[in-house]
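> need coordinates for the following:
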Amino acid sequence: MRSEFLVACALAVSTPACVIDADPDPSVVVSRATLVVDWTIQGIADPDLCRLTDAEVLSVVVTTLSGRFVGEFQQSCTAFAAAIDLRPGSYLADIVLLDAFGYELTTPVLIDPFTLLAGDQLFLSIDFPARSFY
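Numbers count the residues shown, from 1 in each chain. Presented below is the predicted three-dimensional model:
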């Protein structure tokens with residue numbers, strides 16, 4: 001059993017699309033999918049705009065189509081891109097810019113339902129125009 005686990009770990013490390021999933025059987029390798037979000041502010045990926053708008057982080061809240069919370073994923077505003085690993089399935093996402101205290105600075109960008117299959121990469125590009133800021 002231990003050697004099977006070590007082989008699974010070696011495969012997971014050498015294959016970026018795979019991870020060891022502790023639920024329900026830690027020896028099973030589960031393929032993942034990736035949601036890649038890149039963003040701009042007023043059409044520009046400029047770190048100065050993050051500072052000028054007091055935006056610290058981009059927050060992506062992912063739920064299943066039935067409304068079950070999957071997770072909140074955050075990335076520094078100045079990164080202008082985030083990769084989120086998810087299990088294969090169908091999801092919705094809600095994306096906002098937050099200030100240093102966690103308060104929403106923008107109206108949410110609601111991402112229509114999307115489905116990820118094992119090994120998929122879905123790329124989303126969004127913009128926060130001036131009118132989206134509160």
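> please, where are all the helices along this structure?
Using DSSP state H, the helices of the chain run over 2-14, 47-52.
> could you tell me the least trusted of those?
Ranked by mean pLDDT, the helices of the chain end with helix 2-14 at the bottom, a mean of 41.
> compute the first-to-last residue distance for stretch 74-82.
Distance between the boundary residues of stretch 74-82 (Cα to Cα, to the nearest Å) amounts to 8 Å.
> go on, stretch 92-111?
First residue to last in stretch 92-111 (Cα to Cα) measures 6 Å.
> mind listing what the nearest residue to Gly71 once chain neighbours are set aside touches?
In this structure, Gly71 finds its nearest non-sequential neighbour in Val62, 5.7 Å apart by Cβ to Cβ, 6 or more residues apart in numbering. Just so you know, the C-beta spots here come from the backbone N, C-alpha and C atoms, and that holds for glycine as well. For Val62, the contacting residues are 35, 70-73, 84, 86, 91-93, by Cβ atoms under 8 Å, 6 or more residues apart in numbering.
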